[in-house]
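> take a look and give me a structure for this.
(one chain, ligands or ions: 2)
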Amino acid sequence: MATVAEIFQSMEYGPAPESEKEALGWLAKHERVFGHFIGGEWTEPGDVFDVINPATNQPLARVTNGTAADVDAAVAAARAALAPWKGLAGHARARHLYALARGIQKHARLLAVLESLDNGKSIRETRDIDVPLVARHFYHHAGWAQLLDSEFPGYEAIGVVGQIIPWNFPLLMLAWKIAPALAAGNTIILKPAEFTPLTALCFAEIADEAGIPAGVINIVNGHGDTGAAIVNHDGVDKIAFTGSTEVGRIIRKATAGSGKKLSLELGGKSPFIVYDDADLDSVVEGVVDAIWFNQGQVCCAGSRLLVQEGIADRLVAKLRARMEKLRLGSPLDKAVDMGAIVAPVQLERIRGLVKHGVDEGATMWQPTWACPTEGCFYPPTLFTDVQPSSTIAQVEIFGPVLVTMTFRTPDESVALANNTPYGLAASVWTESINLALDIAPKIKAGVVWVNSTNLFDAAAGFGGYRESGFGREGGREGMWEYLKRSHDGLTPVVGVARTSRKASSRKAARGAMPAIDRTPKLFIGGKQARPDQGYTKRILSPSGEIVGESPEGNRKDIRNAVEAAQAAAGKWSRATGHNRGQILYYIAENLSARADEFADRIDAMTEVGAKLARMEVDASISRLFTYAAWADKYDGAVHSVPIRGVSIAMNEPIGVIGIACPDAFPLLGLISLAAPAIATGNTTIVIPSAPHPLAATDFYSVLETSDVPDGVINIVTGDRDALAKTLAEHDDVEAMWYFGTRDGTRLVELASASNMKRTWATWEERNWLDAEDGEGREFLRASTHVKNIWVPYGE
Ligand code: NAI
Ligand code: MG
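Ligands and ions are numbered 1, 2, ... in the order given. Got it, this is the predicted structure:
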């Protein structure tokens, strides 16, 4: 007789299908054909396209391809619904979000099956991961609606938001987009991906049932053109996009200069780093989750396995053994690990990239079992002998394909991990807490999982930087993406008051000041540097008096300044907050000692009068104190996530920031922008006020006497927009701030698409003298991005 152990060994899985009856019934109720959901009503179906079940390649339904007129109608409905929705008390919106969460839970099974049918992902995942997380997002954001007034004072909803989502987590991406937008008081036009529109349509019905007012949520279906019509619509105030970096770049360019707020969650090639002391059995299960979860169609998939050399062979052997046991098949079978790839084109793309990898000379391995031949299935695939520069090591495959590389030392692992244009997520495996928490901050990624992978929660922000996009979804950090400063209650902007006094009388009052008193230079790498070309510009006051000269920096000067800022970045980012604060205090002290001279210079350049000029200097000194104070106080957070562990939200410097200063307030504008940037550990290249640059050139000597490390602040004077464009194009500049004209904003936002750097570009004027308008957390947020480090604990 067989022992129990033997029976366990020889036992086969029987089929355990989840019933599709309810989902098919829902489709039948709609006669398997759908219009859009606009203003609380279904529109008549128009020009339709087929929606396919990728596990069978059979059509499930037909859905209408949205036209420009459909998008117009949806925007109009959202606009009409905005004022009443935004005007509701936070508590009322909280109740609506709560009702949505309940509605999701009530229809959980229908949604899970429908998602599996449409996308091909396993029912185990839709039932246990996607749908519960969707409900969790609505509950969590019901809370933010309730707390909006008290936790985000001075902020309000942006308006009508356009949201475009991908096919890999259709309902979950909808929730990540809709929940925070609604909590903040925005109204919505959402376009699901063309491969997977069904759960969004079902959600529209659930939202309607739950009593969400008509026009607050509008769902428009369609392909890329429909998405583009939303992006380019004048009536849309913000675009939130998740999808490919390629389309993200198109959207960045399309919205440049439009004033639309933008958040992008794009691709990745995330490293999964294993050190030689890691628990290899846990690592194997981690890898399964990292790259075979959702068939690898996950933006943050751990698709690059980086293993310390000594354990590589052992780990690969264990992985192959585990891969032999993975079960792939019908997505509705409750006992499969992997379902189908979303669509034939995606399957072809994966096949093409795998073939490319083989052609490049890497070793490809797949389990011996056979894949179903009907439907879009692809087996789990492991590459070894991969060159770091090869296509399969660099390009996002978005399929169940893992590439393995080895490293010797922790430093090497960081270099290899960061050898990618992306910066979305990373996983770090080691039993040493010291090593894990040393490595996590060094990895360029918005999320780092320690001894875990693919953990998500509504309370912790998700998102990346570099070519993975910008902005966060989830948590307090995600709420900012759907809020703008509300202008009520702000003091009106004080323009530069030009006095009509004659130059001569002012001169008499000031005493004789030589007209040209300096050899104009730039400030690069801590030194006063001659500009590449000898051109200088005469600086005139508004009444035409010569105040001095300043150099016209060019492309080459910007390059030198970026190099200096890059060289200083690592050390400055690691300096303690206390040290950075000390240096800011020291700058303030040295500026204060020369306050009269700076006030005179500002008055001479701008003719604002002695009083306002002096106010500007005093405000600059105070502002330096503000950021000296913040330098050791801009703390992160520990998010309450539902795991045994913590998610540490760290405010990290962005890196090298380019700053084009406003024309007005030539000293205060510069300090208001450079001080928060350096207080938080960034290094900067500053383009001072173009008409009035001499307060900046005078400032060099203040910096020189204040122990500011070389390269932390670099200053290049000249044509603001031309220099800003060069900075915005530069791949080693990680963020670009611009305070100028609308045309200049467009220029900067367009140029930023080269490496998808974060921009803060505006033509809106500010009252820099006013503490609410000119300083504070808004500036600190712009200077940092949140990295969430997940650290599970317990044995
Ligand atoms: P995609 O980026 O084209 O599609 C995402 C969404 O954008 C869809 O709703 C689509 O209709 C819409 N869209 C397409 N062109 C648009 C345009 N010009 N303006 C506005 N919206 C537009 O992604 P696709 O083609 O489905 O997949 C291609 C590759 O992108 C995948 O193989 C994968 O590498 C990557 N991808 C990454 C995702 C992520 O979450 N990071 C999600 C989906 C795809
Ligand atoms: Mg489909």
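> contacting residues around the closest residue to Pro642 other than its chain neighbours?
Nearest non-adjacent residue to Pro642, counting by CB to CB, 6 or more residues apart in numbering: Asp457, 6.3 Å away. Placement of C-beta: from N, CA and C, glycine included. Neighbouring residues of Asp457 by CB atoms under 8 Å, 6 or more residues apart in numbering: 133, 136, 474, 639, 641-643, 647.
> top of those by neighbour count?
Neighbour tally across those (other CB atoms under 10 Å): the maximum, 25 neighbours, falls on Gly474.
> my guess is that residue contacts Ala459, does it?
Yes: taking CB atoms under 8 Å as the definition, Gly474 is a contact partner of Ala459 at 6.7 Å.
> common neighbours of these two, please.
His140.
> now intersect the contacts of Asp457 with the helices, please.
Of the contacts of Asp457, the ones assigned to helices by DSSP state H are 133, 136.
> which of the contacts of Asp457 has the weakest pLDDT?
Ranked by pLDDT, the contacts of Asp457 bottom out at Ile643 (88).
> once you drop chain neighbours, what's closest to that residue?
Among residues not flanking Ile643 along the chain, Pro792 sits closest, at 5.9 Å (CB to CB, 6+ apart).
> measure that neighbour to Leu171 for me?
26 Å (CB to CB, to the nearest Å).
> measure the residue nearest to Ile643 to Val646 for me?
With CB to CB as the criterion, Pro792 and Val646 are 8 Å apart.
> next one: Glu324
Separation of Glu324 from Val646 (CB to CB) stands at 36 Å.
> and these two? Which one has more around it.
Val646 (16 against 11).
> phi, psi of Asp743?
Note on Asp743: backbone dihedrals following degrees, to the nearest 10 are phi -60, psi -40.
> need the contact list for it.
257, 721.
> per-residue confidence for the residue nearest to Ile643?
93.
> ok, now Tyr535?
87.
> can you count the residues close to the residue nearest to it when sequence neighbours are not counted?
With sequence-adjacent residues excluded and distances taken as CB to CB, 6+ apart, Tyr535 is closest to Glu552, at 4.2 Å. Other residues lying near Glu552 total 21 when counted by other CB under 10 Å.
> next one: Asp128
12.
> again, but for Gly87
Gly87, neighbours per other CB under 10 Å, totals 10.
> what separation do you get for it and Arg93?
10 Å.
> got any ranges where the stretch 451-600 of the chain has weak pLDDT?
488-518 (pLDDT under 70).
> can you give me the helices in it?
Assigned by DSSP state H, counting those that start in this stretch, the helices in the stretch 451-600 of the chain fall at 475-479, 503-510, 555-574, 577-593, 595-606.
> return the residues of this structure in contact with ligand 1.
Proximity of the chain to ligand 1, by CB under 6 Å from any ligand atom, involves residues 164-168, 191, 193-194, 223-224, 227-228, 231, 242-244, 247, 250-251, 266-267, 299, 346, 349, 396, 398.
> in strands, which of those fall?
Members of the residues of the chain next to ligand 1 lying in strands (criterion: DSSP state E): 164, 191, 242.
> hmm, Ile230 and the second one touching each other?
Yes: A contact is recorded between Lys191 and Ile230 when judged using CB under 8 Å, the distance being 6.0 Å.
> overlap in contacts, the two.
With CB under 8 Å, 6+ apart as the test, Lys191 and Ile230 both reach 162, 164, 220.
> so what's the residue of the stretch 251-400 of the chain found nearest ligand 1 up against?
Closest to ligand 1 within the stretch 251-400 of the chain is Cys299: 3.0 Å, counting by CB to the nearest ligand atom. Contact analysis of Cys299 by CB under 8 Å, 6+ apart lists 168, 242, 265-268, 424, 468.
> now swap in Val274 and tell me
Contact analysis of Val274 by CB under 8 Å, 6+ apart lists 280, 283, 305-308, 311, 315, 429-430.
> which of those fall in helices?
Using DSSP H, the contacts of Val274 in helices are 280, 283, 315.
> in the stretch 401-550 of the chain, which spans are strands?
401-407, 425-429, 447-450, 469-470, 483-485, 522-524, 527-529, 536-540, 546-551 (DSSP state E, counting those that start in this stretch).
> by mean pLDDT, flag the weakest helix or strand of the protein.
helix 503-510 (a mean of 47; mean pLDDT, DSSP states H and E).
> burial measure for Gly14, as a count.
7.
> I meant to write Leu111 there.
28.
> any idea how far Ala142 is from it?
Taking CB to CB, one finds Leu111 at 19 Å from Ala142.
> now for Lys260: which residues touch it?
Contacts of Lys260 by CB under 8 Å, 6+ apart are 236-239.
> correct me if wrong: Gly162 contacts Lys238.
Yes: between Gly162 and Lys238 there is a contact at 7.1 Å, judged by CB under 8 Å.
> out of the two, which sits in the busier spot?
Gly162 (31 against 22).
> the more buried one belongs to a strand?
Yes: per DSSP: H, G, I helix; E, B strand; the rest coil, Gly162 lies within a strand segment.
> name whatever forms a beta bridge with it.
Ile189, Ile239 (DSSP bridges).
> before we move on, the earlier item: and Pro792 and Leu171? which has more neighbours close in?
Neighbours per residue, other CB under 10 Å: of Pro792 and Leu171, the larger number sits with Leu171, 27 against 15.
> for ligand 2, what's its nearest residue on the stretch 501-650 of the chain.
At 30.4 Å from ligand 2, Pro642 is the closest residue in the stretch 501-650 of the chain, using CB to the ion.
> hmm, back to that, give me the distance between the residue nearest to Pro642 and Gly296.
Distance from Asp457 to Gly296, by CB to CB: 22 Å.
> got it, and Ser122?
From Ser122 to Gly296 the distance is 13 Å (CB to CB).
> okay, those two: which has more neighbours?
The residue with more neighbours, out of Ser122 and Gly296, is Ser122; 30 against 25, by other CB under 10 Å.
> name the nearest residue to that one, ignoring sequence neighbours.
Gly339 (4.4 Å).
> got the contact list for the one you found?
55, 116, 120-122, 125, 295, 328-331.
> let's go with 7 Å and repeat that
55, 116, 120-122, 295, 331 (CB atoms under 7 Å, 6 or more residues apart in numbering).
> residue numbers of this structure in contact with ligand 2?
Listed as neighbours of ligand 2 in the chain under the rule CB under 5 Å from the ion: 52, 118, 195-196.
> restricted to helices, list those residues.
Asp118.
> Ile158: which of the residues of the chain next to ligand 2 is nearest?
Thr196 (26.7 Å; CB to CB).
> what about the closest one, how many residues close to it?
Thr196 - counted by other CB under 10 Å - has 28 other residues nearby.
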